[in-house]
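Novice: sequence and predicted structure below; questions after.
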Amino acid sequence: MPNNFPQPERVLLIVAHPDDPEFGAAGTIARWVQGGAHVTFVIVTDGSKGTADKEMTKEKLVAMREAEQRAAAAVLGVQEVVFLGQPDGEIQNTYALRELIVRQIRTHRPDVLITHDPTMRIFQNMTLNHTDHRVVGDTVLDAVFPLARDRMNFPEHEAAGLEPHKVLDIFLQFTENPNYWVDISATMDLKIKALCEHKSQIGEPAELEERLRQRHGERAEHVSFEYAETFRRVKLAG
């Protein structure tokens with residue numbers, strides 16, 4: 001276990017799609033919840049494009065994926081899930097989206113924030129990163145600095161009682177440039193259980209479990225853990 005593993009009071013995770021929290025950080029989130037942290041998930045898109053089922057409708061899929069995400073969060077003990085309802089596959093780093101995300105940061109006032117690594121475009125020369133992941137990560141970092149920090153940005157927030165907030169500890173998930181490993185050996189089973197709630201996305205649960213155990217075992221090869229989640233951790237000056 002890293003000696004500097006934080007024990008935050010408030011954690012905010014902002015990601016593109018339902019199931020991104022569990023694939024990227026469920027083991028770490030479960031540890032923080034067990035340590036008494038209040039955790040909020042913010043899901044930016046409606047998840048409406050994530051199917052190959054020709055009989056599926058947009059409305060049915062959106063409702064299904066929201067229910068799956070709430071169930072997965074409940075497995076981890078996450079206290080709050082917010083859905084911004086933006087169109088899946090159409091995310092852009094706009095003024096309007098930055099305002100929505102700054103509002104979430106100022107509302108929840110996290111000690112630690114988790115989002116996507118926006119610099120990741122290609123994984124292991126085999127997989128392309130989803131454009132929504134990259135754009136959400138980029139927008140969240142823009143929101144963290146300088147927008148959420150400086151009171152003159154979105155002054156309507158202050159008028160509504162939302163004060164500026166500095167985020168100083170950022171965990172970037174889905175990265176090929178990790179500098180931080182979290183021991184999830186004790187919470188690996190919870191990660192798997194939470195991901196199994198995303199029934200519309202995962203396929204055969206036994207195959208998923210096998211892949212996850214192999215993946216997170218490999219991520220722990222250079223540390224003294226059985227299973228690890230990896231992040232690019234960015235610690236900002238106060």
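Specialist: Nice, I can see it.

Novice: so what touches stretch 159-167?
Specialist: With contact meaning C-beta atoms under 8 Å, 6 or more residues apart in numbering, stretch 159-167 is reached by 103, 105-107, 109-110, 113, 144-145, 148-151, 158, 236, 238. C-beta coordinates here come from the backbone N, C-alpha and C atoms, glycine included.

Novice: apply 10 Å and report the result again.
Specialist: Under the criterion C-beta atoms under 10 Å, 6 or more residues apart in numbering, residues 12, 102-113, 140-141, 143-154, 156-158, 234, 236-238 lie in contact with stretch 159-167.

Novice: tell me which helix or strand of the protein sits lowest on mean pLDDT?
Specialist: For the chain, using mean pLDDT, DSSP states H and E, the weakest element among its helices and strands is helix 199-202, scoring a mean of 91.

Novice: put the alpha carbons of the strand or helix carrying residue 102 into CSV.
Specialist: Assessed by DSSP states H and E, residue 102 sits inside helix 95-108. Only the C-alpha atoms of helix 95-108 are listed here, as CSV (Å, rounded to 0.1, in the frame of the first residue of the first chain):
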residue,chain,number,x,y,z
TYR,A,95,-18.9,26.7,-22.7
ALA,A,96,-22.2,25.1,-21.7
LEU,A,97,-20.6,21.8,-20.7
ARG,A,98,-17.9,23.5,-18.8
GLU,A,99,-20.5,25.4,-16.8
LEU,A,100,-22.3,22.1,-16.0
ILE,A,101,-19.1,20.5,-14.7
VAL,A,102,-17.9,23.6,-12.8
ARG,A,103,-21.3,23.6,-11.1
GLN,A,104,-20.8,20.0,-10.0
ILE,A,105,-17.3,20.7,-8.7
ARG,A,106,-18.6,23.7,-6.7
THR,A,107,-21.6,21.8,-5.4
HIS,A,108,-19.7,18.7,-4.2
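
Novice: got a list of what residue 31 touches?
Specialist: Here residue 31 is in contact with 1, 5, 7, 37, 76, 182-184, 186-187, 190, 229 (C-beta under 10 Å, 6+ apart).

Novice: in helices, which of those residues appear?
Specialist: Mapping the contacts of residue 31 onto helices (DSSP state H) picks out 76, 190.

Novice: which of the contacts of residue 31 has the weakest pLDDT?
Specialist: Lowest pLDDT within the contacts of residue 31 is found at residue 1 (41).

Novice: hmm, back to that, quick check: the farthest pair among the contacts of residue 31?
Specialist: 1 and 76 (19.3 Å; C-beta to C-beta).

Novice: tell me which other helices or strands the helix holding residue 102 touches.
Specialist: Helix 95-108 sits against strand 10-15, strand 38-45, strand 80-86, strand 112-116, helix 131-142, helix 155-159, with contacts defined as 3 or more C-beta pairs under 10 Å, 6 or more residues apart in numbering; DSSP states H and E.
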